[in-house]
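A.B. asks: Got a sequence here, can you model it:
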Amino acid sequence: MRLTGFGHTYAVALNAFEATGVEVQANVGQGLPNFTIHGHVDASLREAKDRVRPAITNSKFSFPDLKVTVSLAPADVPKAGSSFDLGIAVAILTATDQVATTRIRNTVLLGELGLDGRLRPVRGVLPALVKARAAGFTHAVVPRLNVAEATLVTDLEIGGADSLREVTRWLDGDHVLDTVGGDECAPSPEIPDMADVVGQAEARHALEIAAAGAHHVLMTGPPGIGKTMLARRLPGILPPLGREESLEVTAIHSIAGTLRPGHPLISEAPFIAPHHSTSTTALLGGGTGMARPGAVSRAHRGVLFLDECAEMGPKVLDSLRQPLEEGEVHVSRRDGVASYPARFQLILAANPCPCAPAHDVDCVCSALARRRYLGKLSGPLMDRVDIRVRMDPPGNTALMTTVGESSEAMRVRVAAARAAATERWRAHGWLTNAEVPGSALRQRFRLPPAALRPIELFLRDGRVTARGADRAIRLSWTLSDLKGADQPTESDVAEALLYRDRGAAW
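C.D. replies: This next block holds a predicted model:
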């Protein structure tokens, strides 16, 4: 063992959705025994010295009784988390000539160390390795429980290890690292079928339209009528995610730490349903240091369902306006502004009044109380909701005899409509009708004057805003796609406007 020296390895720092390559430098020199870590690190990373020292000694290596200084460069980039443990430990071992350095130049090391030298899984492996591949690295070593996630990144040799000792043996050329994860594959959550929902033909059709164009929906009606049942079955009629969409969604859930063990790739639209008591921070993202993904980002390319939305605070609901409009969310925290994708379908469900009786005739609320209850849904927020549905109890006969259409049958129609929209907008980078800017709808893809006549009448009467007019035109394109037509007609535009009026109680 060499008493003094310099060693270095490579890791990746994650700041929200942005990854930065980091060089882990370790210097062992003369001086009072001390172990310090520098480079804009957070509390969990400063604690790494209390994990790395026993991990090295318990792995049958020697920790130098000298001054050990570890620097994470570049120093101005914030660094957080325990994923640097493995890189720090190996850098110290190379500085003291206890491990070979031949493979280190092209290898990224990620992993948290236990006190006994075992490697524990970490968050954010997928976006970190995407950055490593772009930076020209050819190998990556991760904890074995992260291998399934790491192998989603192609053109990168992945090795999974259970301990620091295994990693050093691989560096010395005496061991082959596993390329198979060590956890059992978790079963995919089963999406319930639309056939379970009895009646509610209008609401079912509204959700099919919403799925075809990625539009936002508000459902109002008494409790127990099927609002939640319908919303939870919406992912079953959405088409599967494309390859790039899957990787993007998986990366967000990797940072959030919500991936399924053994089978991390998210190929179906996610469904996120926070409780109605959730805070703005939980909804948009937050935390100390750099903000973590919130519910709106975890619902990216999927569904965000807010049940009992009228029970939520007005400020919480209005915080959705920016991500709904821009498709991303920006959260300012101590270490900077975190930006995450947040292009989701918003599904709102609410009772018509505070007492929420099964039938309107039994309501004991005053007109003012009913208006105040749904008044939490502000005008600017509701202007961004394309479809509003008022649901009524099904009849006794329908409840006992009717069998609803299956999700698979609805999914076929939705997939065909989405394929038509994707083909139409592909050259412009838009995937669904809901993503098309209003300027494009009014200029490059302007409808004939006859088709726009209902929009002009609604604008003249003040029944729709300019933003609402754009959203109605987007919805009319979806109605046209479901019919297999080339472009919307006057009746499609009129139907889209009616969907903005139905169920309105404010």
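
A.B. asks: Look up how far residue 113 lies from the most centrally placed residue in the chain.
C.D. replies: Closest residue to the average C-alpha location of the chain: residue 298 at 2.6 Å, with CA atoms, centre = their mean. In this structure, residue 298 and residue 113 are 28 Å apart, going by CB to CB, to the nearest Å. (C-beta placed from N, C-alpha, C; glycine too.)

A.B. asks: So which bits of stretch 199-209 are buried?
C.D. replies: Buried positions in stretch 199-209, judged by neighbour count with 16 or more other CB atoms under 10 Å: 199, 200, 203, 204, 206, 207, 208, 209.

A.B. asks: Secondary structure added to these, as JSON lines?
C.D. replies: Listed next are the buried residues of stretch 199-209 as JSON lines, based on DSSP: H, G, I helix; E, B strand; the rest coil:
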{"residue": "199", "secondary structure": "coil"}
{"residue": "200", "secondary structure": "coil"}
{"residue": "203", "secondary structure": "helix"}
{"residue": "204", "secondary structure": "helix"}
{"residue": "206", "secondary structure": "helix"}
{"residue": "207", "secondary structure": "helix"}
{"residue": "208", "secondary structure": "helix"}
{"residue": "209", "secondary structure": "helix"}
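
A.B. asks: These into a markdown table, with extra columns for pLDDT and distance to residue 230?
C.D. replies: Converted to a markdown table, the buried residues of stretch 199-209 look like this (pLDDT from 0 to 100; distance: CB to CB, whole Å):
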| residue | pLDDT | distance to residue 230 |
| --- | --- | --- |
| 199 | 79 | 11 |
| 200 | 86 | 7 |
| 203 | 92 | 6 |
| 204 | 93 | 7 |
| 206 | 95 | 9 |
| 207 | 96 | 6 |
| 208 | 96 | 11 |
| 209 | 97 | 13 |
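
A.B. asks: quick one: which two of the residues you listed are the most distant?
C.D. replies: Spanning the widest gap among the buried residues of stretch 199-209 are 199 and 209, at 17.9 Å by CB to CB.

A.B. asks: and stretch 339-359, how far apart are its ends?
C.D. replies: For stretch 339-359, the first-to-last residue distance is 45 Å (CA to CA, to the nearest Å).

A.B. asks: Check stretch 205-220 too.
C.D. replies: 15 Å.

A.B. asks: which stretches of the stretch 51-200 of the chain form helices?
C.D. replies: Counting by DSSP state H, counting those that start in this stretch, the stretch 51-200 of the chain has helices at residues 85-95, 125-134, 147-150, 164-171.

A.B. asks: Now tabulate these in JSON lines and tack on distance to residue 313.
C.D. replies: Converted to JSON lines, those look like this (distance: least, CB to CB, whole Å):
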{"stretch": "helix 85-95", "distance to residue 313": "40"}
{"stretch": "helix 125-134", "distance to residue 313": "32"}
{"stretch": "helix 147-150", "distance to residue 313": "36"}
{"stretch": "helix 164-171", "distance to residue 313": "48"}
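
A.B. asks: closest one to residue 422 among the ones you listed?
C.D. replies: Going by CB to CB, the one of the helices of the stretch 51-200 of the chain nearest residue 422 is helix 125-134, 24.1 Å.

A.B. asks: In the stretch 401-506 of the chain, where is pLDDT below threshold?
C.D. replies: Residue ranges of the stretch 401-506 of the chain with pLDDT under 70: 401-403, 502-506.

A.B. asks: repeat for the stretch 251-400 of the chain
C.D. replies: 289, 360-361, 395-400.

A.B. asks: now the helices for it?
C.D. replies: Using DSSP H, counting those that start in this stretch, the helices of the stretch 251-400 of the chain run over residues 280-284, 295-298, 314-318, 321-326, 367-374, 379-382, 396-401.

A.B. asks: Pick the most deeply packed of these.
C.D. replies: helix 295-298 (a mean of 26; mean count of other CB atoms under 10 Å).

A.B. asks: elements contacting that one?
C.D. replies: Applying 3 or more CB pairs under 8 Å, 6 or more residues apart in numbering; DSSP states H and E, we find helix 295-298 packed against helix 243-256, helix 280-284.

A.B. asks: Against which helices or strands is the last one packed?
C.D. replies: Going back to what we said before, that points to helix 280-284. For helix 280-284, the elements it packs on are helix 295-298, helix 314-318, judged by 3+ CB pairs under 8 Å, 6+ apart.

A.B. asks: how about those in JSON lines, adding distance to residue 168?
C.D. replies: Output for the helices and strands packed on helix 280-284, formatted as JSON lines (distance: least, CB to CB, whole Å):
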{"stretch": "helix 295-298", "distance to residue 168": "37"}
{"stretch": "helix 314-318", "distance to residue 168": "50"}
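
A.B. asks: Residue 162: which of the ones you listed is closest?
C.D. replies: Using CB to CB, the nearest of the helices and strands packed on helix 280-284 to residue 162 is helix 295-298, at 29.6 Å.

A.B. asks: Can you show me the CA trace of the closest one as CSV?
C.D. replies: Extracted in CSV, the C-alpha atoms of helix 295-298 (Å, rounded to 0.1, in the frame of the first residue of the first chain):
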residue,chain,number,x,y,z
ALA,A,295,-47.4,14.5,-8.7
VAL,A,296,-47.7,16.6,-11.9
SER,A,297,-44.3,15.3,-13.1
ARG,A,298,-44.9,11.7,-12.1
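
A.B. asks: From the rest of the structure, what touches it?
C.D. replies: For helix 295-298, contacts defined as CB atoms under 8 Å, 6 or more residues apart in numbering pick out 252-253, 256, 258, 270, 272, 274, 278, 282-285, 304, 320, 323, 329, 340-342, 344.

A.B. asks: ok now it, how far from the chain's centre?
C.D. replies: Distance, stretch centre to chain centre, for helix 295-298: 5 Å (CA atoms, centre = their mean, to the nearest Å).

A.B. asks: The helices of the stretch 51-200 of the chain: which one's closest to residue 220?
C.D. replies: Nearest of those to residue 220, taken as CB to CB: helix 125-134 at 39.3 Å.

A.B. asks: CA atoms of the closest one as CSV?
C.D. replies: Coordinates of each C-alpha in helix 125-134 appear next as CSV, following Å, rounded to 0.1, in the frame of the first residue of the first chain:
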residue,chain,number,x,y,z
VAL,A,125,-29.6,5.8,-12.4
LEU,A,126,-31.3,6.1,-15.8
PRO,A,127,-30.8,9.8,-16.4
ALA,A,128,-27.3,9.6,-14.9
LEU,A,129,-26.3,6.9,-17.3
VAL,A,130,-27.9,8.7,-20.3
LYS,A,131,-25.5,11.6,-19.4
ALA,A,132,-22.6,9.2,-19.0
ARG,A,133,-23.2,7.7,-22.5
ALA,A,134,-23.4,11.2,-24.0
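
A.B. asks: before we move on, the earlier item: could you dump the buried residues of stretch 199-209 into CSV and include distance to residue 375?
C.D. replies: Formatted as CSV, these follow (distance: CB to CB, whole Å):
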residue, distance to residue 375
199, 29
200, 26
203, 23
204, 28
206, 23
207, 25
208, 30
209, 27
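
A.B. asks: contacting residues for residue 206?
C.D. replies: Neighbour list for residue 206: 217, 219, 387, 389, 499 [criterion: CB under 8 Å, 6+ apart].

A.B. asks: Show me the contact partners of the helix or strand harbouring residue 45.
C.D. replies: Residue 45 is part of helix 43-46, with elements assigned from DSSP states H and E. Here helix 43-46 makes contact (CB under 8 Å, 6+ apart) with 37, 72, 79, 80, 81, 82, 84.

A.B. asks: Once you drop chain neighbours, what's closest to the fifth one?
C.D. replies: I take that to be residue 81. Nearest residue to residue 81 in three dimensions, chain neighbours excluded: residue 44, at 6.0 Å (CB to CB, 6 or more residues apart in numbering).
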